[in-house]
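Chemist: I would like to see how this sequence folds:
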Amino acid sequence: MQQKLKDFALVTAGSIVMAIGFNSLFLGNNIVSGGVGGLAIALNKLLGWNPSDFVLYCNIPLLILCWVFLGKSVFIKTVYGSLVYPFCIKLTAGLPTLTDNIFLAAIFGGIIIGFGLGLVFLGNSSTGGTGIVIQLLHKYTPLPLSLAMSISDGIVVGLGFIAFDTDTVMYSILALMTITYVINRMMSGTESSRNIMIISENFPEIKKYITETADRGVTELPVVGGFTGKEKRMLMTTISIHEFQKIETAVLNIDQTAFMVVMPASQVRGRGFSLQKNYDQDILIPM
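Modeler: Numbers count the residues shown, from 1 in each chain. Model (predicted):
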């Protein structure tokens with residue numbers, strides 16, 4: 001129950017943030033950044049349709065398709081976000097346009113909407129709209145998810161050429177790229193970790209530092225030098241991105257000639273990361 005309340009809070013907060021960015025930066029500057037929101041801006045210019053009403057009415061048939069073709073579980077996760085988002089758009093409709101500089105609106109609007117959408121995704125939901133279309137294309141066609149998303153958002157941005165000039169559409173593409181970047185950073189950047197492989201003659205001292213001072217697990221691997229043919233020991237450990245600089249400095253202080261390979265690990269599961277450490281049971285014994 002506590003997790004569900006947290007999810008609802010994230011979806012609600014994300015929808016409010018998105019609506020603020022939509023009304024205060026995108027709508028007044030005609031930025032069509034994909035999705036049903038972007039389509040609403042184009043149709044508002046062409047036909048004078050109210051954006052919040054369009055988003056709500058457009059979501060209703062899409063939710064029916066979601067229920068029929070994607071199943072009850074996906075529908076339940078989607079329905080709240082798809083209803084609260086247009087309500088938030090209507091609630092914030094009176095906000096003034098923060099800037100008439102379309103470049104600034106594209107960048108900062110992209111940051112705000114990307115942040116809001118990231119909160120919605122962290123709440124295990126979505127705002128419906130073209131997200132449902134993307135899921136349908138992915139499930140019932142051989143198209144990969146990224147291509148389905150590109151096609152869906154590309155069609156919406158393409159409609160901008162009918163309603164607006166070329167410069168406006170290019171700014172819309174810039175806004176879409178900003179939104180995508182912010183979402184990716186939110187979904188993986190905050191939990192991003194580093195997988196480090198270390199080869200050093202002083203590996204016992206480095207291993208001791210990692211396990212005792214840094215309080216991280218370490219795996220010891222036997223390796224053979226391809227050039228010399230000599231057997232060596234390689235240490236492998238996974239740490240959070242915030243710990244990297246401290247551990248790198250410590251390793252180089254122990255052995256300034258240590259050979260280190262650092263690789264991004266965007267998702268890590270297990271004790272010490274997604275689960276709390278259990279020192280009685282989860283003692284990582286070097287190989």
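
Chemist: which residues in the stretch 1-150 of the chain form strands?
Modeler: Ranges of strands within the stretch 1-150 of the chain: none, based on DSSP state E, counting those that start in this stretch.

Chemist: again, but for the stretch 151-287 of the chain
Modeler: 193-199, 219-224, 231-240, 259-265.

Chemist: Phi, psi for the closest residue to F164 other than its chain neighbours please.
Modeler: Spatial nearest neighbour of F164, chain neighbours left out: N30 (5.2 Å); criterion: CB to CB, 6 or more residues apart in numbering. Every C-beta, even on glycine, is put in place using the N, C-alpha and C of the backbone. Torsion angles at N30 (phi, psi; degrees, to the nearest 10) stand at phi 60, psi 40.

Chemist: In TSV: the strands of the stretch 151-287 of the chain, plus mean pLDDT and distance to G14.
Modeler: What follows is these, written out as TSV (pLDDT from 0 to 100; distance: least, CB to CB, whole Å):
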stretch	mean pLDDT	distance to G14
strand 193-199	89	25
strand 219-224	90	38
strand 231-240	89	25
strand 259-265	85	26
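
Chemist: Out of those, which one sits most buried?
Modeler: strand 193-199 (a mean of 19; mean count of other CB atoms under 10 Å).

Chemist: okay, the strands of the stretch 151-287 of the chain in TSV with distance to V133 next?
Modeler: TSV is the format used below for those (distance: least, CB to CB, whole Å):
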stretch	distance to V133
strand 193-199	33
strand 219-224	44
strand 231-240	36
strand 259-265	31
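
Chemist: Number of residues surrounding the closest residue in space to F161 that isn't next to it in sequence?
Modeler: Distances taken as CB to CB, 6+ apart place V169 nearest to F161, at 5.6 Å, with adjacent residues excluded. Neighbour count for V169, taken as other CB atoms under 10 Å: 21.

Chemist: Correct me if wrong: V169 contacts G160.
Modeler: Yes. Counting by CB atoms under 8 Å, V169 touches G160, with 4.3 Å between them.

Chemist: re earlier: the residue nearest to F161: what's it in contact with?
Modeler: For V169, the contacting residues are 32, 157, 160-161, by CB atoms under 8 Å, 6 or more residues apart in numbering.

Chemist: go again using 10 Å as the cut-off
Modeler: Taking CB atoms under 10 Å, 6 or more residues apart in numbering, we find V169 in contact with 30-32, 42, 157-163.

Chemist: can you list the weak-confidence ranges in the stretch 1-150 of the chain?
Modeler: 1, 144-147 (pLDDT under 70).

Chemist: between the contacts of V169, which is closest to H242?
Modeler: Proximity to H242 was ranked across those by CB to CB; first place goes to I31, at 34.7 Å.

Chemist: What subset of the contacts of V169 is buried?
Modeler: Buried by 16 or more other CB atoms under 10 Å: 30-32, 42, 157, 159-160, 163, out of the contacts of V169.

Chemist: ok, so of these, who is nearest G118?
Modeler: Scanning the buried ones among the contacts of V169 for proximity to G118, where the rule is CB to CB, the winner is I31, at 18.5 Å.

Chemist: Torsion angles phi and psi at that closest one?
Modeler: Per degrees, to the nearest 10, the backbone of I31 is at phi -90, psi 110.

Chemist: Could you measure from it over to I16?
Modeler: Per CB to CB, to the nearest Å, I31 is found 19 Å from I16.

Chemist: again, but for T78
Modeler: T78 is 18 Å from I16, by CB to CB.
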